[in-house]
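*Asks:* what's the 3D shape of this:
(chains A and B)
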Amino acid sequence: MTVPSSFDKDLAALLPRLRRFAHALSHSPADADDLTQATAERALRSKAQWQPGTSLDSWACRIMRNLWIDTVRSRSRRERVEAPAEEAERIGEDSAMDAKLELARMMAAMSRLPDEQREVVALILVEGFGYRETAEMLGVPIGTVSSRLVRGRVALLQMVGE
Amino acid sequence: MVTDETFFAWLDGELHGDEATKVSAEVAADPALAAKAEQHRAMQQRLKSVFDTVSNAPVPERLSALRPEPEVIDLAQARGARSRRWSRGFPQWTAIAATLAVGILVGTMVPHRGGAPVTVAGGKVYAAGALDRGLTTQLASAPSGHVRIGLTFRDQAGEICRTFTAPAMSGLGCRDGDRWQLRGMFAAPEGQAGSYRMAAGMDPNLAAMVGSEMAGEPLDAAGEKAARDKGWR
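*Replies:* Numbering: from 1, shown residues only, chains lettered A, B, ... in the order given. Model prediction:
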């Protein structure tokens, strides 16, 4: 076997992190892994568009975010908004501290945020990107990022806060 | 009174210098604000630790199978390389002759486990044996065996074409009836015989060939599978 190029290795090393971001955006773990796979495939196909020296993390996250937006837009609003709420109630009855349930509960709460709030919460609070980097990634002013983040995290605290 | 935007920017470490000091002082002096900071810090920590269970878990096999990945090429660059090459005045037949020479060599280069990889009929070279099976059954997303598939796409005439890599060579096969006509085969550079050239990228001659034959975009994983299910029609 030949040694994979640095791009391939770096992308492979990013997979766990891309899965995390995908879970923060997606409705279910299965959707999240589909999104991760689609992102990795798109990134490999678009390899030539990545500029060495720039952040592969934010480049790959931007690809994922754009693919996610495409999927979200093609889905019905009903499926997006009502299904997770139902799931959250069902899971809420179970007080088990099991990590999977906790993840399901957090994903359900994230799913109830409007898309534009969910993506900034995922990018900044989960992935640790800065406001400016997030604004550049999303192509919106930094003030917009900041106000969406305020609304998103306040709503999230109401949903998951003790 | 500090605005929500400023308060959270401070909490997220986005404020610096005097601005940060000013908010810190306000929070220290206001128990309600301090409690709010504590609540949100805790929520964020929980959010982070919950999603960290995903990034700390092993990557599922179907995702880790993406490495080593199928070859990826820069078509724009390939097209550029092609036009540059032609502009240098090399007649196209030189490349064709070189391709045929490689094709003849290939018979001795590829392990004969599945029989000869090529067969000639009516002046055309077709894939045979393991190469034919690889082109017909393999998906780029699930590589196995000696033949690896790179890109699958439709050519200008609407036929399905697939790039492949086999030990010591790579090439392009396009559907001609029920067979794969080989439009090009290229020897791996010296020293790479016996290895798959995935990580090193596509052979520039092959990339140029793909660039000139391909209509539209390559098929994605779903499109590739659908095309296979329909018998590469």
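*Asks:* Check for me that A:Pro52 belongs to a helix.
*Replies:* No. According to DSSP: H, G, I helix; E, B strand; the rest coil, A:Pro52 belongs to no helix; its state is coil.
*Asks:* how about it, phi and psi?
*Replies:* phi -50, psi 140 (degrees, to the nearest 10).
*Asks:* Now do it: how many residues are near it, please.
*Replies:* The number of residues packed near A:Pro52 is 7, by other Cβ atoms under 10 Å in any protein chain shown. C-beta here means a position set from N, CA and C on the backbone, and glycine is covered the same way.
*Asks:* Distance-wise, check it relative to A:Ala43.
*Replies:* Distance of A:Pro52 to A:Ala43, computed by Cβ to Cβ, to the nearest Å: 14 Å.
*Asks:* From the centre of chain B, give me the residue that's furthest out.
*Replies:* B:Ala29 (56.2 Å; Cα atoms, centre = their mean).
*Asks:* Tell me which stretches of the chain form helices.
*Replies:* I went with chain A, as the question did not name one. Per DSSP state H, chain A carries helices over the ranges A:6-25, A:29-45, A:56-74, A:77-92, A:99-111, A:115-120, A:131-138, A:142-160.
*Asks:* wait, chain B
*Replies:* Using DSSP H, helices in chain B cover B:4-11, B:17-29, B:31-56, B:61-64, B:75-87, B:92-109, B:129-137, B:204-213, B:221-229.
*Asks:* export those helices to CSV and tack on distance to B:Ala168?
*Replies:* Listed next are the helices of chain B as CSV, based on distance: least, Cβ to Cβ, whole Å:
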stretch, distance to B:Ala168
helix B:4-11, 58
helix B:17-29, 62
helix B:31-56, 39
helix B:61-64, 27
helix B:75-87, 22
helix B:92-109, 5
helix B:129-137, 12
helix B:204-213, 14
helix B:221-229, 25
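*Asks:* Same list (those) but as TSV, adding mean pLDDT and distance to B:Arg154.
*Replies:* Shown next, in TSV, are the helices of chain B (pLDDT from 0 to 100; distance: least, Cβ to Cβ, whole Å):
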stretch	mean pLDDT	distance to B:Arg154
helix B:4-11	96	51
helix B:17-29	92	57
helix B:31-56	94	37
helix B:61-64	77	26
helix B:75-87	46	14
helix B:92-109	45	22
helix B:129-137	88	15
helix B:204-213	79	9
helix B:221-229	89	9
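*Asks:* Tell me which of those helices approaches A:Leu156 most closely.
*Replies:* Among the helices of chain B, helix B:31-56 comes nearest to A:Leu156, with 6.8 Å by Cβ to Cβ.
*Asks:* Could you give me the buried positions within that closest one?
*Replies:* Buried residues in helix B:31-56, defined by neighbour count with 16 or more other Cβ atoms under 10 Å in any protein chain shown: B:33, B:36-37, B:40, B:43-44, B:47, B:50-51, B:54-55.
*Asks:* and those residues near chain A, which?
*Replies:* B:40, B:43-44, B:47, B:50-51, B:54-55 (Cβ under 8 Å from any Cβ of the partner chain).
*Asks:* Output the lowest mean pLDDT helix or strand found in chain A.
*Replies:* Lowest by mean pLDDT, DSSP states H and E among the helices and strands of chain A is helix A:77-92, with a mean of 47.
*Asks:* and B:Thr3, how many residues sit next to it?
*Replies:* Around B:Thr3 there are 11 residues (other Cβ under 10 Å).
*Asks:* typed the wrong thing, it's A:Gln49
*Replies:* 11.
*Asks:* per-residue pLDDT, it?
*Replies:* pLDDT recorded at A:Gln49 is 89.
*Asks:* Tell me the residue of chain A that sits nearest chain B?
*Replies:* A:Ala48 (3.3 Å; Cβ to the nearest Cβ).
*Asks:* which ones are touching the nearest residue in space to B:Val50 that is not next to it in sequence?
*Replies:* In space, and not counting its chain neighbours, B:Val50 is closest to A:Met106: 4.5 Å by Cβ to Cβ, 6 or more residues apart in numbering or on different chains. By Cβ atoms under 8 Å, 6 or more residues apart in numbering or on different chains, A:Met106 lies in contact with A:160, B:46-47, B:50-51.
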